[in-house]
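> sequence unavailable; structure follows:
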C-alpha cells in the first residue's frame, strides 16, 4: 500500500478522520472483497495526485465493525469523503480514480 493511504482503526478514527483539518477520503473495505482489491490501487492513484490536500485512509470493516455500522456501510467498497467531521459525499462500488475524484468532488 502506498504511504499516502493509511490503515486506521476505530480507536484512531476520531483523530485521523473527524478531527482532520483537510478533507478525508475513507475507503471501507475487507480483504476478501474482490471489488475492494480493484478500487485500492485507484485510491492510491488519487492519494498520489492529491499531494496532501486530501487525506486518504482505509478502514477494514471486519476489524472495525463499529465504525462501519455507525456510518451505515451496507456494501463494500464504500468510499466516503469527510469534511470537517461530516460525510460530504459517498460512492459505493469500484470506480476508476477519475470517476472517484469527480463523484467525491476532490478536484484531483
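Thanks, I have it. None of the values given here were measured: they were computed from a predicted structure.
> Provide the backbone phi and psi angles at residue 17.
Backbone torsions of residue 17, given as degrees, to the nearest 10, read phi -120, psi -60.
> how about the contacts made by the residue of the chain most remote from its centre?
What lies farthest from the middle of the chain is residue 32; by Cα atoms, centre = their mean that is 17.1 Å. Neighbouring residues of residue 32 by Cβ atoms under 8 Å, 6 or more residues apart in numbering: residue 62. The way it works is simple: take the backbone N, C-alpha and C, and place the C-beta from them, glycine included.
> so what's the gap between stretch 73-88 and the chain middle?
Chain-centre distance of stretch 73-88: 7 Å, with Cα atoms, centre = their mean, to the nearest Å.
> which residues does it contact?
17-20, 23-30, 33, 35-36, 39, 43, 61, 71, 89-94, 100, 104-106.
> mark which of those residues are buried, thanks.
Among the contacts of stretch 73-88, the ones that count as buried by 16 or more other Cβ atoms under 10 Å are 17, 20, 23-29, 33, 36, 39, 43, 61, 71, 89-91, 94, 100, 104, 106.
> what's the average pLDDT for the helix or strand where residue 56 lies?
Per DSSP states H and E, residue 56 falls inside strand 55-60. Average pLDDT, strand 55-60: 96.
> average model confidence for the biggest helix by length in the chain?
As assigned by DSSP state H, the longest helix anywhere in the chain is helix 34-50. For helix 34-50, the mean per-residue pLDDT is 94.
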